[in-house]
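> Predicted coordinates and the sequence they were generated for:
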Amino acid sequence: MRDVLSDLIVGAARDDERFVMLSGDHGYALFDALRAERPAQFINVGVAEQNMIGVAAGLAKVGFRPCVYGLSAFVPIRVLEQIKLDLCQSRLPVMLLGDGAGLVYSTLGVSHQCGEDIACLRPLPEIAVYSPCEAAELTACWREARAADHPCYIRLGKADQPAVHASPLADTAPVFTHRPPADAGGVVLIATGSMVSPCTEFARREGVACVSVPRIKPFPDELADICHSAARVIVVEEHAGTGGLWTSVVEQAARRRDAGAATPVIKSLALESAFTKTSGSWQHALSEHGLADDQLAARLRSLIATSESAGA
């Protein structure tokens, strides 16, 4: 996914001289091709992320199309006030890339880990939030964000997850990564970002449906329809259990219930409300939250079995 992102950045610079890439002294090799081919369209603002958002806002106001890159612990978390006031209030077409979302920077500790970015951005007016799982979804999210006339945030998690889509995507609508022949009224796994790949593998083994959600906000109407047709929904995300995809799904289900529609049983598997305590690989960090691949599979089986025995 990282190589595709580099190609998308260079392509945007070639196609649009208004495009300018800003980095808070992060990215390094990601921008090698851009610096070599279009050096005037790259600005390393340095370790000054709050100022970087202000610079991007100023550039947007005079006609440029800025794209801002940082680790998600810094963009958007460190610069949330600047995003709110400098970008959202003026509805400026600035794209934000938050890399290393979730626990990707496992060995660097809590200061570089981020499981709250979606929850922080969702309440803000005028901003769209994307969470692609691999290259095909990233391309669709990038294309939509580049065309937008408002701020957009693209959440980038584990960059080397296996591809789950065999062909390009037309848009950022939810997409089935596995759909068994008879899935009506059954279990549907709803996943986003880095959790799509392990959930898809599980779904293929166990014969349940799995849906990937590249766009978190605005909430996709198609996802509400998918959930409404299921009996049991399990939402899986490398994000806090509050404020992310699960919260979005539950909110939409509540609105439908208020309108008189039946709603499914909706369960959540997400990051625990706890900081990581030890250092290790990404899978090790996930294991502290019960989301390492083997733990996730076991928990999914347990949830499905419990629901079936309860007749839910």
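Thanks, I have it.

> all helices of the stretch 1-150 of the chain, in order?
2-15, 32-37, 49-61, 80-82, 117-121, 135-147 (DSSP state H, counting those that start in this stretch).

> List the contacts of the third one.
Looking back up the chat, that one is helix 49-61. Under the criterion Cβ atoms under 8 Å, 6 or more residues apart in numbering, residues 20, 22-24, 43, 45, 66, 68, 70, 74-75, 78-79, 81-83, 86-87, 90, 92-94 lie in contact with helix 49-61. To be clear about C-beta, it is placed using only N, CA and C from the backbone, and glycine gets the same treatment.

> re the thing from before, got CSV for the helices of the stretch 1-150 of the chain, with mean neighbour count too?
What follows is the helices of the stretch 1-150 of the chain, written out as CSV (neighbours: other Cβ atoms under 10 Å):
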stretch, mean neighbour count
helix 2-15, 17
helix 32-37, 14
helix 49-61, 20
helix 80-82, 15
helix 117-121, 23
helix 135-147, 20
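
> Need those helices in JSON lines (columns: distance to Phe275).
As requested, the helices of the stretch 1-150 of the chain are exported to JSON lines (distance: least, Cβ to Cβ, whole Å):
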{"stretch": "helix 2-15", "distance to Phe275": "27"}
{"stretch": "helix 32-37", "distance to Phe275": "34"}
{"stretch": "helix 49-61", "distance to Phe275": "22"}
{"stretch": "helix 80-82", "distance to Phe275": "19"}
{"stretch": "helix 117-121", "distance to Phe275": "16"}
{"stretch": "helix 135-147", "distance to Phe275": "28"}
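
> can you redo these as CSV with distance to Ser281 and mean pLDDT?
Shown next, in CSV, are these (distance: least, Cβ to Cβ, whole Å; pLDDT from 0 to 100):
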stretch, distance to Ser281, mean pLDDT
helix 2-15, 18, 97
helix 32-37, 26, 97
helix 49-61, 27, 98
helix 80-82, 29, 98
helix 117-121, 22, 98
helix 135-147, 23, 98
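
> Now do the contacts for Ala285.
Residues near Ala285 by Cβ under 8 Å, 6+ apart: 103, 106, 113, 276.

> go on, Leu286?
103, 238, 292-293, 295 are the contacts of Leu286 under Cβ under 8 Å, 6+ apart.

> Which among the residues you listed count as buried?
103, 238, 292, 295 (16 or more other Cβ atoms under 10 Å).

> which among those gets closest to Cys141?
Glu238 (16.6 Å; Cβ to Cβ).

> is it true that that closest one touches Ala191?
No - look at Glu238 against Ala191 with Cβ atoms under 8 Å: they stay out of range, at 9.4 Å.

> From the buried ones among the contacts of Leu286, which land in helices?
Counting by DSSP state H, these place Gln295 in helices.
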